[in-house]
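Trainee: Could you look at this predicted model? Sequence included:
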Amino acid sequence: MLQTILSVLFPFFSWAQQQTPLMFKKDLVAGITGAVLVLPQGVAYAYIAGLPPEVGLYTAIVSASVAALFGSSFHMISGPTAALSIVVASVVQQIGYSSVAEQMTIVVTLSFLTGLIQFSLGALRLGALVNFISHTVIIGFTTGAAILIAASQIKHFIGVKLPSNLSFINELSALIEHLGQLNTYALVIGIVTLITSLLIKLINKKLPNLLIGMVFGSITCLLVDGQAHGVAMVQSMPGTLPQLSLPNLSSSSLHSLFSGAFAVALLGLIEAVSIARAISIRSKQIIDGNQEFVGQGMSNLVGGFFSCYPSSGSFTRSGANYDAGAVSPLSAVYAAIIVAIVIAFFPSATAYLPLPAMAGSVLLIAWNLINRKEIIETLKLSYAEAIILSGTFLSTLFIQLELAIYVGIILSIGFYLRRTSRPRIIEVAPIQDTENRIIRNIHRYSLEVCPQIKIIRIDGSLYFGSVDYVQKEISKLTKDGAKHLIIVAKGINFMDASGVHLLESEISRIEKLGGYVRICSLKGTVLDEIRSMPVFKSFLSTYLTKNTKDAIIGILEHINKEKCRHCSARIFNECASFPDHQENNN
């Protein structure tokens, strides 16, 4: 019993007991690989967020370790990410600050609040919440964020000094105006870094291409004496491990940050759960979405007290961690320990890193964020998906980033509701000259129809949002003189009281015109829901039939047999027993 409780409160309790020397070796090798990857990325992502370089590495130490220990994935690596970094920068800039100390207070408060939201969603078992945010929204948002990241780094890449916190359009305008001030030395260093990183990636994807690119950029800067020619350098780190910090938990601070924190929390959870599931396809591990929510929440909550900024899962580092042979979350802890050693003993390493080299690495990161294949496929997929992607993308560029994700969500949910509120209503008929009664789309199979009986199939849900549309469509389909109606309901997935009332209303309307209605093939789950509503007992017993055969036989009892004498369609098997006009003449 005690072990079960500990496994729930501390998920690492179960797998920590299974550690062996071989597992330690594999996780340590994977940890070394992860540390090499996160060292340049942590600095670069902190740079994107407008924070000191050590903050990115603090996040790679504290947040990554906590997420690994409290999450459910054995292979996902959390920490600073590009998309979250640009959103954090946007949220912090909206609040405003006058010193680095004020900025860090805002950042750690944002991390704490983000973690609190994520942890609460996980504790309430709302892991399915991320399913309501479509992948198309993430594609549009990530693409827009990549362009914003690239636009913010071009000034450093070419060595031009511009005001900070400019909007996307103002940034581009200022760059064009100041092109004449381009620093050739900075541009050369940036290009060397970029080309080196690309070549290393082409030669061997397993090599730390960003780190090697930055090293070559730094060497180039030394060779051309870049500092003497106005090339800016990244500041050195303080040489201390993650510092204790206190979030500002005043009501005014929490109120001003809540909207941004909620957007950061959602984006972070989507990233983390998506990555965990993607890695689990390869590892065959079962992922607990709610536990991932808790793990991400804990990492940001704790990070808020150790000078970290909001973190999430990293696809690059998670994939590399799995490929390096990691077998447990301890690989993330070992990577964090190695990063801590680097900070403690080699703090001045970043002082030799020129800003153009950093900008070159960030530009490559931004380029890799843009999934060109998925964008093209999504645009071709459907009109709705194209609008969702484009709307999210443009919102990311032209409005506050924390609001852009909401625009995408609203568009996504809006099109979903529109789709569910317009179920497909198709006229069907039995295929003639077959023994089995096979019902098919009359237009697709060029089928004849009965002049007296209209048969329609409804595919979708009958609920309060769709009843108006369905009522209008049924009215249109029953205007051609057919008095009787059969509704094939096997495609109805859900029906609420409004849906049943709609059917009762149509039955009443058609009966007043002298017709009859039968509803057939309703799914058992839907039937059970209707049976739980006592008010509809008479509806069930009078108008519902098990299958189309019973519905057709029931309606045929009420048709005008005189009209059948002159009918050439005779689409039902039962029509063979009706007299035709030739028999009448005889």
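Mentor: Ah, there it is. Numbering: from 1, shown residues only.
Trainee: Tell me where the stretch 1-150 of the chain is predicted with low confidence.
Mentor: Residues of the stretch 1-150 of the chain that meet the criterion pLDDT under 70 lie in 1-9.
Trainee: Oh, that last question was meant for the chain, not what I typed.
Mentor: 1-9, 433-436, 580-586.
Trainee: Which parts of it are strands?
Mentor: Applying DSSP state E to the chain gives strands spanning 77-79, 312-314, 424-430, 439-441, 453-462, 484-488, 492-495, 517-520, 544-545.
Trainee: So which of these is the most surrounded?
Mentor: The highest mean neighbour count among these, using mean count of other C-beta atoms under 10 Å, belongs to strand 77-79: a mean of 33. Glycine gets a C-beta too; all of them are placed from N, C-alpha and C.
Trainee: What strands flank it, and is each parallel or antiparallel?
Mentor: Within its sheet, strand 77-79 is paired with strand 312-314 (antiparallel), according to DSSP bridges.
Trainee: so how many other residues sit close to Ser167?
Mentor: The criterion is other C-beta atoms under 10 Å. On that basis, Ser167 has 13 neighbouring residues.
Trainee: Val407 versus the residue lying closest to it once chain neighbours are set aside, what's the distance?
Mentor: Closest residue to Ser167 apart from its sequence neighbours, by C-beta to C-beta, 6 or more residues apart in numbering: Phe398 at 8.0 Å. Distance of Phe398 to Val407, given as C-beta to C-beta, to the nearest Å: 10 Å.
Trainee: In terms of packing, which of these two has more residues around it?
Mentor: Neighbour comparison, Phe398 and Val407: the larger count goes to Val407, with 19 against 12 (by other C-beta under 10 Å).
Trainee: Give me the distance between the more buried one and His135.
Mentor: Computed with C-beta to C-beta, the distance linking Val407 and His135 is 16 Å.
Trainee: again with Gly414
Mentor: Remark: distance between Gly414 and His135 (C-beta to C-beta) = 16 Å.
Trainee: Ile487 pairs with what?
Mentor: The partner list for Ile487 in beta bridges (DSSP bridges) reads Ile456, Ile519.
Trainee: isn't it right up against Leu522?
Mentor: No - applying C-beta atoms under 8 Å as the test, Ile487 and Leu522 come out as separate, 9.2 Å apart.
Trainee: Who are the contact partners of the residue nearest to Ser167?
Mentor: For Phe398, the contacting residues are 167-169, taking C-beta atoms under 8 Å, 6 or more residues apart in numbering as the criterion.
Trainee: Go through the residues you listed and flag which are in helices.
Mentor: If you go by DSSP state H, these have 168-169 in helices.
Trainee: and which of the contacts of Phe398 is nearest Phe12?
Mentor: Relative to Phe12, the closest of the contacts of Phe398 is Phe168; by C-beta to C-beta it sits at 42.5 Å.
Trainee: which residues does the nearest residue to that closest one once chain neighbours are set aside contact?
Mentor: Closest residue to Phe168 apart from its sequence neighbours, by C-beta to C-beta, 6+ apart: Leu397 at 5.1 Å. For Leu397, the contacting residues are 144, 147-148, 168, taking C-beta under 8 Å, 6+ apart as the criterion.
Trainee: residues near Leu477, how many?
Mentor: Burial of Leu477, expressed as a neighbour count using other C-beta under 10 Å, amounts to 16.
Trainee: domain parsing for the chain?
Mentor: Taking automatic domain parsing as the reference, the chain has its domains at 19-371, 424-585.
Trainee: now the nearest residue to Gly115 once chain neighbours are set aside: how far from Asn248?
Mentor: Of all residues not flanking Gly115 in the chain, Asn300 sits nearest, at 3.0 Å (C-beta to C-beta, 6+ apart). Applying C-beta to C-beta, the value for Asn300 to Asn248 is 16 Å.
Trainee: repeat for Asp27
Mentor: Asp27 is 37 Å from Asn248, where distance means C-beta to C-beta.
Trainee: Comparing those two, which residue is more hemmed in?
Mentor: Asp27 (26 against 17).
Trainee: Spatially nearest residue to that one (excluding sequence neighbours)?
Mentor: With C-beta to C-beta, 6+ apart as the criterion, Asp27 has its nearest non-adjacent residue at 4.1 Å, and that residue is Ser331.
Trainee: Spit out the contact partners of that neighbour.
Mentor: Residues counted as contacts of Ser331 (C-beta under 8 Å, 6+ apart) are 26-28, 30-31, 34, 68, 75, 77, 321, 324.
Trainee: One more: Leu126?
Mentor: Leu126 makes contact with 290, 293 under the criterion C-beta under 8 Å, 6+ apart.
Trainee: Make 45 the first number, not 1, from now on.
Mentor: Happy to do that; since the first residue is 45 now, the last one works out to Leu170.
Trainee: So what does Pro610 have for phi and psi?
Mentor: Small correction: residue 610 is His, not Pro. Here is the backbone geometry of His610 (degrees, to the nearest 10): phi -100, psi 10.
Trainee: Phe583 and Gly543 touch, don't they?
Mentor: No - with contact taken as C-beta under 8 Å, Phe583 and Gly543 are classed as non-touching, separated by 11.4 Å.
Trainee: Those two: who's more crowded?
Mentor: Between Phe583 and Gly543, counted using other C-beta under 10 Å, Gly543 has the larger neighbour count: 23 against 17.
Trainee: number of nearby residues for Ala309?
Mentor: Other residues within reach of Ala309, judged by other C-beta under 10 Å, total 26.
Trainee: re earlier: most surrounded residue in the contacts of Leu441?
Mentor: Within the contacts of Leu441, most neighbours by other C-beta under 10 Å means Gly188, with 26 neighbours.
Trainee: Does that residue touch Leu433 like I think?
Mentor: No - between Gly188 and Leu433 no contact is recorded; they are 10.0 Å apart, counting by C-beta under 8 Å.
Trainee: tell me the contacts of Ile502?
Mentor: Contacts of Ile502 (C-beta under 8 Å, 6+ apart): 467-469, 514, 531-533, 535-536.
Trainee: show me where the stretch 345-494 of the chain has helices.
Mentor: Per DSSP state H, counting those that start in this stretch, the stretch 345-494 of the chain carries helices over the ranges 359-367, 374-389, 399-413, 416-425, 427-442, 445-464, 486-489.
Trainee: likewise the stretch 195-344 of the chain?
Mentor: Assigned helices in the stretch 195-344 of the chain, in chain order: 212-221, 228-247, 253-267, 295-327, 333-347 (criterion: DSSP H, counting those that start in this stretch).
Trainee: need these in TSV with distance to Glu601, can you?
Mentor: Compiled in TSV, those are given as follows (distance: least, C-beta to C-beta, whole Å):
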stretch	distance to Glu601
helix 212-221	70
helix 228-247	75
helix 253-267	78
helix 295-327	55
helix 333-347	54
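Trainee: Many thanks, I have nothing further to ask.
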